[in-house]
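Peer 1: I would like the atomic coordinates for the input below:
(one chain, ligands or ions: 1)
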Amino acid sequence: MLDFLGNLERTHLCGELRAAHAGQQVVLMGWVNRRRDHGNLIFLDLRDRSGISQIVLDKELTPDGHLKGELVRPEYVVAAVGKVRLRDKDAINPKMPTGEIEIEATELLVLNDTRLAPFSPAEDAIQNEEVRLKYRYVDLRRAEMQRNFRLRHDITLAIRESLSRQGFLEIETPILTKSTPEGARDFLVPSRIHPGEFYALPQSPQILKQILMISGFDRYFQIARCFRDEDLRADRQLEFTQVDLEMSFARQESVFAVVEQFLAAGFAAADVALPTPFPRLTYDESMRRFGSDKPDLRLPGLADVRSAFSDENLIALQIDPALPVVAFRIPNVGELSRKEREDNHPLFDLKKGAKFIDDFKRLAKGFPEAAVKVRELAGAVEADFVLIVAGDPAHHIKASDTKFEGRLSEREINVYSAAGSFRTELAKKYADRHGAFNITEAVIHPDRPIGGEAMAGVFPFNPIWVVDFPMFEYDLITAKWVPAHHPFTSPHEADMANLVSDPASVRANCYDLAMNGLELGSGSIRIHRKDVQRQIFQSLGISDEEARARFGFFLEALEYGAPPHGGIALGLDRIVMLLAGASSLREVIAFPKSAKAIDLMADAPTTVTEQQLRELHIRVALRS
Ligand code: ASP
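Peer 2: Just a heads-up that it's a prediction; the model follows:
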C-alpha cells in the first residue's frame, strides 16, 4: 500500500503557507498530526518542523486520495499534492499561523506507515520521562522540543558569530587526551595500542586552550564538549557543552566585555534584551546578601537582623551571638500552619551548624520588640513569610576559625549559605504564591498565560558577576586548605606573599557568572609563570614529581614564552535551558542520559564482548 516518492519535490514547509498563497499549487510532506473523518471529507493536519497545515481530502475530487485518507493514521508519513485555498470564514483558526488556509488535495501519497508509538507527539505533556527518552525520536517531534532545538541553534550561531566578530578563532581540541583537573572524576578510554594505558576524556579543554595562548593564537574559542563522571542532576549531565574561550594579555575586564557581548547576542537571538554591563558582587558580598555564590536576584535577599536582638535575647533563643543572624522573606506566602512549616523543615541544611526560626508568632510572644524589628529590617509587609537563620551553638561543626580583616570566616559563610539554600528551596516551593519567577516565564512564552500574578519591578534575567573568590577552601575531612578552583587560577598579585603562610587570606583572580540562581560559567586569569605555577602546586600539596607526571607537558610549555592570559567557559546547555524556560538540561539536549546516567534509547552503557575486552587488555572483575 505504500507509495514511492518518485520525482515528487516538496514545494513548501507545512508551517509557511498563508492567505497570500491561495490559488497556488503546492506539494507538502510530513507526518499526520491528527486525522478527522467527516465521511466524504477527511481532514489531515500535516506536520513538519515548521508547523502544521490542514489537508482536505474530498471524495469527489480525489477518490483515491480519500481512500488512502481513510487508512492513514497519526504519524504516518505522507505527501499531499493540491491547491491552497482560503478557508470558509467560520472554519478560520486564529490560533494557527496557517489557520486561514487549507490544502485542497488532488493526490495523497503514503510514504510510510508507523507502529503505534506509546505516546503522541501531537499531545503537549507526557508525564513519563523514561518513555520519552526511550522513544526520543518520537518525543523530539513535539512542537516544544522542535522549538527548543531551533532556539539552541539560533543561540549557538549568534554566540559563534559574536565571538568571531570579536576576533576569536574557533579551534578544536582532542577528545582523547589526558586528565584535566576540574575536580570531577575522569572518563577513561583504554588504549589498545598501549596495553594498560588510558586516555582521559577532557573535563574541559583548560590546559589545551592555555597552550593555544602559548602558541600565539591570541583569542581562541570552542563550542566544546566536556565530560565529567559525576552524579547527575537536573542541571548536570555526564557530557555537556561549554562556550569555552581564552584570550592573551587579558585582564578580568577584557574577559567580562567579551562575555557580555556574546551573551547579549545569544539572548537577542531568543528575543531577550540583556542590558550590559552586568552588575558585580564580590564573593563575600554575595554570601552576605544572598547566602550563595550564584544568587537569584528575582527575590529579596538576606537582611542582617543581628541588631534586632540583645545579647540576652540571643542567649535565650540559643543563638550564637558571634555569628551572623539573618532574615529573609518570601513575598505573598502568608502565614503558614504548623504542619506546613514542618513540611519545609527537611529543606533546611542542618550540616552547616545553623538553625532557623520560622514560627514568627511564637517569637513575637516571647520577644515582641525583636520580632517587629526583624520584619522591619527585612522590609517585610504583612503577607510576607519571614524566617530567621542564625548560628547554632549547640551544633558546633568543624570549620576553620581563621578570620581576616574584612573577610568572612568559614563559619560565617556556613550560616549564610544555610540561609541562602533555604531561601532558594522555599522560593521554588512557593513560586506560585510570590510570582517572582513568572516574569521570566512571561518573557520566554509571551503566548502563554502566566500562572498567577507577575511580581512588579523584577527583571526576568539577572546576570551577575561574582568576583574575588577565596583561593582556597578549608576541607573539613582532611583539615587542609584545598584549592577552590582548578590549579591554573592565578592568585591576586597583592596576596601572593601569603600563599603558604596564610592560605585563607588569598583571593583568587577568578570570576563566576550567575543568572537566576544558576551558575552559568566560571573563569580566571591564569598563572603564566612557571615559578608561580610551581609555588601553587606546592601550596596545594602537589609534589614536583606528581606535577610532572600529571601536567609535565604543560609546565614545560610554560617555559617557552607564555603570555599573560585568561578566559572563561559558559555552560551552553544551561543558557539554552534558561531561555527555553525548561526545568532540566534534558529538555535541551537531543539525546541526554537519564537521571540514572543511562541512554535509554541506545541502551548504554552495556557489556561488551570478550573479544573487545581482550583487544583492550582488560578483564572485568565485578565486586559483588
Ligand atoms: N575550564 C574551566 C571550567 O570548565 C573554565 C575556565 O576556567 O575557563 O570550569
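
Peer 1: tally of neighbours for F472?
Peer 2: 23 (other CB atoms under 10 Å). Where C-beta positions appear, they are placed from N, C-alpha and C, glycine not excepted.

Peer 1: Could you tell me which residues make contact with it?
Peer 2: For F472, the contact set (CB atoms under 8 Å, 6 or more residues apart in numbering) comprises W481, V482, P483, A484, P503, A504, V506.

Peer 1: Show me what it is bridged to.
Peer 2: Assessed by DSSP bridges, F472 has beta-bridge partners P483.

Peer 1: and which of the contacts of F472 is nearest H38?
Peer 2: Nearest to H38, judged by CB to CB, of these is A484 at 67.4 Å.

Peer 1: I'd like to know how far that closest one sits from the ligand.
Peer 2: Look at A484 and the ligand: by CB to the nearest ligand atom, to the nearest Å, they are 12 Å apart.

Peer 1: and the nearest residue to that residue once chain neighbours are set aside, what does it touch?
Peer 2: Of all residues not flanking A484 in the chain, E473 sits nearest, at 4.6 Å (CB to CB, 6 or more residues apart in numbering). Neighbour list for E473: W481, V482, P483, A484 [criterion: CB under 8 Å, 6+ apart].

Peer 1: Run a quick neighbour tally on the second one.
Peer 2: The burial count assigned to V482 is 14, neighbours taken as other CB under 10 Å.

Peer 1: And the pLDDT for the nearest residue to it once chain neighbours are set aside?
Peer 2: Among residues not flanking V482 along the chain, D475 sits closest, at 4.6 Å (CB to CB, 6+ apart). At D475, the model reports a pLDDT of 76.

Peer 1: The ligand contacts on the protein?
Peer 2: By the rule CB under 6 Å from any ligand atom, the part of the chain lying against the ligand is E182, S204, Q206, S522, G523, S524, G567, I568, A569.

Peer 1: Report how many residues lie close to the residue lying closest to E144 once chain neighbours are set aside.
Peer 2: Nearest non-adjacent residue to E144, counting by CB to CB, 6+ apart: D124, 7.1 Å away. Using other CB under 10 Å, D124 has 8 neighbouring residues.

Peer 1: just checking, D124 touches M145?
Peer 2: No: in this structure, D124 is not within contact of M145 by CB atoms under 8 Å, at 11.0 Å.

Peer 1: What ranges does the stretch 101-250 of the chain have for its strands?
Peer 2: Taking DSSP state E, counting those that start in this stretch, the strands of the stretch 101-250 of the chain run over residues 101-112, 169-170, 188-190, 198-200, 219-227, 239-248.

Peer 1: Next, work out how far apart E425 and G391 are.
Peer 2: 20 Å (CB to CB, to the nearest Å).

Peer 1: quick one: buried residues of the lowest-mean-pLDDT helix or strand in the chain?
Peer 2: The weakest-scoring helix or strand in the chain, judged by mean pLDDT, DSSP states H and E, is strand 480-483 (a mean of 78). Residues of strand 480-483 classed as buried under the neighbour-count rule (16 or more other CB atoms under 10 Å) are W481, P483.

Peer 1: What is the subsequent helix or strand relative to it?
Peer 2: Toward the C-terminus, strand 480-483 is succeeded by strand 510-515 as the next helix or strand (DSSP states H and E).

Peer 1: Contact partners for the nearest residue to D154 once chain neighbours are set aside?
Peer 2: By the measure of CB to CB, 6+ apart, the closest residue to D154 outside its immediate chain neighbours is A269, 4.2 Å from it. Counting by CB under 8 Å, 6+ apart, A269 makes contact with L151, D154, I155, L157, A158.

Peer 1: From the ligand, how far off is A269?
Peer 2: 23 Å.

Peer 1: And the pLDDT at that residue?
Peer 2: Confidence at A269, expressed as pLDDT, is 97.

Peer 1: do P503 as well
Peer 2: The predicted structure scores P503 at 80 on the pLDDT scale.

Peer 1: try S624
Peer 2: At S624, pLDDT is 75.

Peer 1: Would you give the sheet partners of the lengthiest strand in the chain, along with the direction of each?
Peer 2: With secondary structure taken from DSSP state E, the chain has its longest strand at strand 25-38. The strands that strand 25-38 pairs with in its sheet are strand 41-48 (antiparallel), strand 77-86 (antiparallel) (by DSSP bridges).

Peer 1: can you list those strands in a markdown table and add mean pLDDT and mean neighbour count?
Peer 2: Shown next, in a markdown table, are the strands paired with strand 25-38 (pLDDT from 0 to 100; neighbours: other CB atoms under 10 Å):
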| stretch | mean pLDDT | mean neighbour count |
| --- | --- | --- |
| strand 41-48 | 98 | 22 |
| strand 77-86 | 98 | 20 |
